[in-house]
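In: my questions concern the predicted model and sequence given below.
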Number of protein chains: 2
Amino acid sequence: MLFLKQVRRDGHLAGLSSRVGAMQRNPELDRLRVSIDNLDTAVICLLAERFKITKRVGILKKERGLPAADPDREVQQIARLREVAEQSELDPEFAEKLLGFIVAEVVRHHEAIASAD
Amino acid sequence: MLFLKQVRRDGHLAGLSSRVGAMQRNPELDRLRVSIDNLDTAVICLLAERFKITKRVGILKKERGLPAADPDREVQQIARLREVAEQSELDPEFAEKLLGFIVAEVVRHHEAIASAD
């Protein structure tokens, strides 16, 4: 009884207890979801760094009067990422769509930088 | 003259020479682009692993007769990723859109698994 009260008072133990409960319901699904969450955290952190760099690229392009879009660079990026995707057993079509999705966001940021006069 | 021929015959040196040329054109832009490419490679590799895990989740759900979609889990994922995004200085709106983009692909995969009877 004293132990139960301690568990309830202790946030860490309570969290652990609830996690054990979830694992009892479906341990393999729970384990896979923890891995998905870890990978998502890593992807978000990497993309946060990527946007910091593309922001710097946007400022640099503005300073030097370079156009925001660079079709040659984009063709190279698509070809390279499709190859990386194939090597890592990811659908190259998805990799290309993902790059398009990210670049659309980058262009939106660059336009915001370009119009900030 | 002999050195030039060696450079031309040696793929690595030729690649290095061409990269040095690009850096002379705009060293900072070139440096930033190398970092963008490295981050993109990492993101693609992490997502390749993520899809391997969600494929296993899809098979598990099918085996146990669980529904493909899990609205409670999705609500938790969105809230968690928005928090991760804020902590890493990424726009939470973008993080949520990205998760939607990835989950749409996962659902497409799960439907393919579910219909493969």
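Out: Perfect, I can see it now.
In: in chain A, what secondary structure element scores lowest on mean pLDDT?
Out: Of all helical and strand segments in chain A, the minimum by mean pLDDT, DSSP states H and E falls on helix A:2-9, at a mean of 40.
In: low-confidence stretches in chain A?
Out: Chain A contains residues with pLDDT under 70 at A:1-24, A:117.
In: tell me what angle the longest helix anywhere in it forms with helix B:27-64.
Out: Criterion DSSP state H: the longest helix present in chain A is helix A:27-63. Here helix A:27-63 runs at 160 degrees with respect to helix B:27-64, directions being taken by axes from the mean of the first three to the mean of the last three CA atoms, to 10 degrees.
In: next SSE after helix A:27-63?
Out: Following helix A:27-63 in sequence order, the next helix or strand is helix A:71-87 (DSSP states H and E).
In: who's in contact with that next one?
Out: Outside helix A:71-87, the residues within contact range by CB atoms under 8 Å, 6 or more residues apart in numbering or on different chains are A:91-92, A:94-96, A:99, A:103, B:33, B:37, B:40-41, B:44-45, B:48. (C-beta placed from N, C-alpha, C; glycine too.)
In: now do stretch A:108-117
Out: Everything outside stretch A:108-117 that qualifies as a contact, by CB under 8 Å, 6+ apart, is A:Phe51, A:Thr54, A:Lys55, A:Gly58, A:Ile59, A:Lys61, A:Lys62, A:Ala68.
In: can you check stretch A:58-70 too?
Out: Against stretch A:58-70 from outside (CB under 8 Å, 6+ apart): A:Val106, A:Val107, A:His109, A:His110, A:Glu111, A:Ile113, A:Ala114, B:Asn26, B:Glu28, B:Leu29, B:Leu32.
In: just to revisit the earlier point, the longest helix of chain A vs helix B:71-87, what angle?
Out: Using the same axes, to 10 degrees: helix A:27-63 against helix B:71-87 is 40 degrees.
In: mind listing what's buried in helix A:27-63?
Out: Using 16 or more other CB atoms under 10 Å in any protein chain shown as the test for burial, helix A:27-63 gives A:29, A:32-33, A:35-36, A:39-51, A:53-54, A:57-58, A:61.
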